[in-house]
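J.: model the following, please.
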Amino acid sequence: GTTYMKSARTLALLALLMPLSALAQTALHDGQGNALPDTSSAKSSEGFSASMVVTADPEWQHKWENPVNGVPRFELATEVKEGGSLYILSFLTNPKLDAAGMAQVRCDLRITRPDGSLSGDEHDLPCFVTQLDTDPNSVYLSSVGMKFTAEAGDPHGTWTVAITVRDTVRNVSLPLQSSFDIN
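T.: Model (predicted):
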């Protein structure tokens, strides 16, 4: 398969090309209908929102496609042991559509090792470029996601994942960041 990552030994891009109807979920809020506040891994600006989830759950795709009570629940992961895998997922809500009804969302993806060196650095990936016939206010799974497997020789310590999600029609960029430890 094709991988966008230069370090294919450690990282592999997940095939997230599922039908859009399977991707839409209701927007995430606090239960009282209030939008969740910005954090390092979830931001919004001018009505556009994006978030990143790091999970060790190999069933994440099944949970996304078959949510309980309309909302998929992902157990967040902050560490991984040698041989273990993490799934790094990105989501977005309310992309602005162009005159042809297309969402034009692009992403940059950077993985930084504990010593500050780059494990992966990709720019301008098409993370949600599609004709959108469903409610833009639904939560959509971006096509920029990856499986990270901690292998022998990977440095122990804190790894940082940064994904910048850009709604090019609205001209809004949302920088997201998360981290995990290999121990």
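J.: longest strand in this structure, by residue count?
T.: strand 118-131 (DSSP state E).
J.: which other helices and strands contact that one?
T.: Judged by 3 or more C-beta pairs under 8 Å, 6 or more residues apart in numbering; DSSP states H and E, strand 118-131 is in contact with strand 85-93, strand 102-112. Glycine gets a C-beta too; all of them are placed from N, C-alpha and C.
J.: residues of the longest one that come out buried?
T.: Buried residues in strand 102-112, counting neighbours by 16 or more other C-beta atoms under 10 Å, are found at 103-112.
J.: nearest to His156 among those?
T.: Thr112 (14.4 Å; C-beta to C-beta).
J.: okay, and the closest residue to the closest one other than its chain neighbours sits in which element?
T.: Nearest residue to Thr112, sequence neighbours excluded (C-beta to C-beta, 6 or more residues apart in numbering): Thr160, at 4.4 Å. Counting by DSSP states H and E, the element that carries Thr160 is strand 157-167.
J.: that strand: what's the following helix or strand?
T.: strand 172-182.
J.: in its sheet, what does that next one sit against?
T.: Using DSSP bridges, the strands paired with strand 172-182 are strand 79-80 (parallel), strand 157-167 (antiparallel).
J.: now do it, average pLDDT.
T.: Regarding strand 172-182, the rounded mean pLDDT is 96.
J.: again, but for stretch 121-128
T.: 93.
J.: who's in contact with Leu132?
T.: For Leu132, the contact set (C-beta atoms under 8 Å, 6 or more residues apart in numbering) comprises 20, 95, 97, 101-103.
J.: follow-up on the earlier one: which among the buried residues of strand 102-112 gets closest to Leu76?
T.: Ile111 (17.6 Å).
J.: go ahead and confirm that closest one touches Asp154.
T.: No: the pair Ile111 / Asp154 is not scored as a contact, 11.1 Å apart, by C-beta atoms under 8 Å.
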